[in-house]
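Novice: What shape does this take:
(chains A and B)
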Amino acid sequence: GDSVTQMEGPVTLSEEAFLTINCTYTATGYPSLFWYVQYPGEGLQLLLKATKADDKGSNKGFEATYRKETTSFHLEKGSVQVSDSAVYFCASGGATNKLIFGTGTLLAVQP
Amino acid sequence: NAGVTQTPKFQVLKTGQSMTLQCAQDMNHEYMSWYRQDPGMGLRLIHYSVGAGITDQGEVPNGYNVSRSTTEDFPLRLLSAAPSQTSVYFCASSYRRTGGGYGYTFGSGTRLTVV
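Specialist: Below is the predicted model of the structure:
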């Protein structure tokens, strides 16, 4: 069945460092891909999405490109801030509308 | 516009007790679902519904029941709580039932502890 694999955390960075969180997927067909963010004590919020190959999703300085050839959707940000500290989830959405999530990656940004 | 409302926010149950986690949405979304979040396992789908009167099982349905009598409400029932059901539960709704995973709105979660 469909699945999403993302790098384990925690990822600890200093403020203004470059961030990459890896995500790969397996799916029948061509799913839509998402990154969700969960701040402490809160629910999930959509960060960005891409619906087809080579699409780039972007929001709040974060970017991810849908790579069909490598079945990847890595999250990047050029300069992280303390306020970016959260858990990040990669997810895929297929024909059934179900969202399949990765295990989540905790990001801790230190001042 | 309240979005997706979950109650209660916190609950402690004794093994064997029953309870219902409430979920309501005011966006007229057709699709609703329940997930549980456990450390190192991400979010796993428990049950989902594509419309009033229609429900189906997700990845981890055992020990849980659902019903969808109205578009707005999608309660999750634990008939006999077990410690393995200690988790954070999220309800979500979406305007699109035909595929893609778009337009999900998540509730703020219910933290359940079974002792």
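
Novice: burial of A:Gln81, as a residue count?
Specialist: Per other CB atoms under 10 Å in any protein chain shown, the neighbour tally for A:Gln81 reads 13. Yep, even glycine has a C-beta here, placed from its N, CA and C like the rest.

Novice: Same question for B:Gly103.
Specialist: When neighbours are defined as other CB under 10 Å, B:Gly103 has 16 of them.

Novice: now swap in the one 4 residues further on and tell me
Specialist: Residue neighbour count, defined by other CB under 10 Å, stands at 26 for B:Gly107.

Novice: Could I get the contacting residues of it?
Specialist: A:Gly43, B:Gly3, B:Val4, B:Thr5, B:Gln6, B:Cys23, B:Phe90, B:Cys91, B:Ala92 (CB atoms under 8 Å, 6 or more residues apart in numbering or on different chains).

Novice: got it, and B:Met41?
Specialist: B:Met41 makes contact with A:Thr103 under the criterion CB under 8 Å, 6+ apart.

Novice: redo that, cut-off 10 Å
Specialist: Shown in contact with B:Met41 (CB atoms under 10 Å, 6 or more residues apart in numbering or on different chains): A:Phe101, A:Gly102, A:Thr103, A:Gly104, B:Val60, B:Ser87.

Novice: quick revisit: include pLDDT and distance to B:Gly101 when you put the contacts of B:Gly107 into JSON lines, please.
Specialist: Listed next are the contacts of B:Gly107 as JSON lines, based on pLDDT from 0 to 100; distance: CB to CB, whole Å:
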{"residue": "A:Gly43", "pLDDT": "88", "distance to B:Gly101": "16"}
{"residue": "B:Gly3", "pLDDT": "92", "distance to B:Gly101": "18"}
{"residue": "B:Val4", "pLDDT": "95", "distance to B:Gly101": "16"}
{"residue": "B:Thr5", "pLDDT": "95", "distance to B:Gly101": "22"}
{"residue": "B:Gln6", "pLDDT": "96", "distance to B:Gly101": "20"}
{"residue": "B:Cys23", "pLDDT": "98", "distance to B:Gly101": "19"}
{"residue": "B:Phe90", "pLDDT": "96", "distance to B:Gly101": "15"}
{"residue": "B:Cys91", "pLDDT": "97", "distance to B:Gly101": "16"}
{"residue": "B:Ala92", "pLDDT": "95", "distance to B:Gly101": "10"}
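
Novice: B:Ser67: which of those is nearest?
Specialist: Checking those against B:Ser67 with CB to CB, the nearest one is B:Cys23 at 11.6 Å.

Novice: Would you mind pulling up the elements that the host helix or strand of that closest one packs against?
Specialist: For B:Cys23, the host element (DSSP states H and E) is strand B:19-25. Counting contacts by 3 or more CB pairs under 10 Å, 6 or more residues apart in numbering or on different chains; DSSP states H and E, strand B:19-25 packs against strand B:4-7, strand B:10-13, strand B:31-38, strand B:64-66, strand B:76-78, strand B:87-94, strand B:110-114.

Novice: Switch the ones you listed over to JSON lines; also include distance to A:Lys60 and mean neighbour count.
Specialist: Listed next are the helices and strands packed on strand B:19-25 as JSON lines, based on distance: least, CB to CB, whole Å; neighbours: other CB atoms under 10 Å in any protein chain shown:
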{"stretch": "strand B:4-7", "distance to A:Lys60": "22", "mean neighbour count": "18"}
{"stretch": "strand B:10-13", "distance to A:Lys60": "30", "mean neighbour count": "14"}
{"stretch": "strand B:31-38", "distance to A:Lys60": "23", "mean neighbour count": "24"}
{"stretch": "strand B:64-66", "distance to A:Lys60": "34", "mean neighbour count": "19"}
{"stretch": "strand B:76-78", "distance to A:Lys60": "32", "mean neighbour count": "18"}
{"stretch": "strand B:87-94", "distance to A:Lys60": "21", "mean neighbour count": "23"}
{"stretch": "strand B:110-114", "distance to A:Lys60": "27", "mean neighbour count": "18"}
